[in-house]
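**Q** sequence and computational prediction follow.
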Amino acid sequence: MTTAERNWKIAAQISATTSKGLKSRKAARDILIAEGIYTRGGNLKAEFGGKGWRSKATAAPGDPKHPA
């Protein structure tokens with residue numbers, strides 16, 4: 001498979017998923033849950049800015065808390 005073929009397949013899958021997600025609010029939420037962005041309860045996960053995100057946030061380089 002060439003890079004162009006691979007990119008075309010990825011773009012086609014993104015387009016198909018987007019089409020499904022635009023059909024209804026429930027369909028969009030189901031996709032976000034399946035992708036791991038929302039919890040099963042419908043809440044945004046901490047890694048994406050949901051409840052408790054500050055405790056999961058990583059320190060920026062130069063910050064004394066940065067693990068560098």
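**A** Received the coordinates, thanks.

**Q** and Arg25, how far is that from Lys45?
**A** 19 Å (Cβ to Cβ, to the nearest Å). For glycine as for every other residue, the C-beta is placed from the backbone atoms N, C-alpha and C.

**Q** ok, the two, which is more surrounded?
**A** Lys45 (17 against 8; other Cβ atoms under 10 Å).

**Q** tell me the phi and psi of the more buried one?
**A** Backbone torsions for Lys45, taken as degrees, to the nearest 10, come to phi -70, psi 150.

**Q** for it, what are its contacts?
**A** 36-39 (Cβ atoms under 8 Å, 6 or more residues apart in numbering).

**Q** adding secondary structure, pLDDT and distance to Thr3, write those out as JSON lines.
**A** JSON lines is the format used below for the contacts of Lys45 (DSSP: H, G, I helix; E, B strand; the rest coil; pLDDT from 0 to 100; distance: Cβ to Cβ, whole Å):
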{"residue": "Gly36", "secondary structure": "coil", "pLDDT": "91", "distance to Thr3": "27"}
{"residue": "Ile37", "secondary structure": "coil", "pLDDT": "92", "distance to Thr3": "28"}
{"residue": "Tyr38", "secondary structure": "strand", "pLDDT": "93", "distance to Thr3": "32"}
{"residue": "Thr39", "secondary structure": "coil", "pLDDT": "92", "distance to Thr3": "36"}
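
**Q** please consider this matter closed, and thank you.
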